[in-house]
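Engineer: what follows is a predicted structure for the sequence shown.
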Amino acid sequence: MSLRFRYQLAPTSGFVIPLGGRSVRPRPVVPVIVVGHTGSRIREAILDTASDDTVFPISLAAQIGVGLTGAPMGKGSGVGLIAVPLRDAEVTLRIATNQEQREWQAWVSFTSGSLRRPILGFGGFLQFFTATFYGDREEVELSVNSLYPGT
């Protein structure tokens, strides 16, 4: 089985010419539950096939009891190419629809840098799924692949 998620429509301040003049942009946003040592939180995160890593705000780590003292450190950058610090930790990730649920342990990054939304990138997330993006239906389908370590 697979999990299907409808794109979320994000309002724009004007008309988007490449989308036929629409005033919204469809985005592949997936609700993900992040589980730490003392709690869990749900976040709406964007699927990003160009992102190397799965990244959450550092404030989430404290909320779910993930200690980052001594955590492996790295750097990441986005479109603006401004490097931001990353701290890596292992958490449990869970995604679900009405028909199916998937849960697995994953190494993710936490950053104090500005994030509009958490990012579901290759490391920790997309590496475990085959993702099919249906532009005409504005939805994404996620099917576990042979690397999927969870239940």
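Structural biologist: Now that the structure is in, tell me what you want to look at.

Engineer: longest strand of the protein?
Structural biologist: Longest strand of the chain, by residue count under DSSP state E: strand 84-96.

Engineer: for the record, mean pLDDT for that strand?
Structural biologist: Strand 84-96 shows a mean pLDDT of 95.

Engineer: off-centre distance for that strand?
Structural biologist: In terms of C-alpha atoms, centre = their mean, to the nearest Å, the centre of strand 84-96 is found 9 Å from the chain centre.

Engineer: adjacent strands (with direction) for the helix or strand just after that strand?
Structural biologist: Note on strand 84-96: by DSSP states H and E, the next helix or strand toward the C-terminus is strand 101-111. Its sheet considered, strand 101-111 pairs with strand 55-57 (parallel), strand 84-96 (antiparallel) by DSSP bridges.

Engineer: once you drop chain neighbours, what's closest to residue 14?
Structural biologist: Nearest residue to residue 14 in three dimensions, chain neighbours excluded: residue 23, at 7.3 Å (C-beta to C-beta, 6 or more residues apart in numbering). Just so you know, the C-beta spots here come from the backbone N, C-alpha and C atoms, and that holds for glycine as well.
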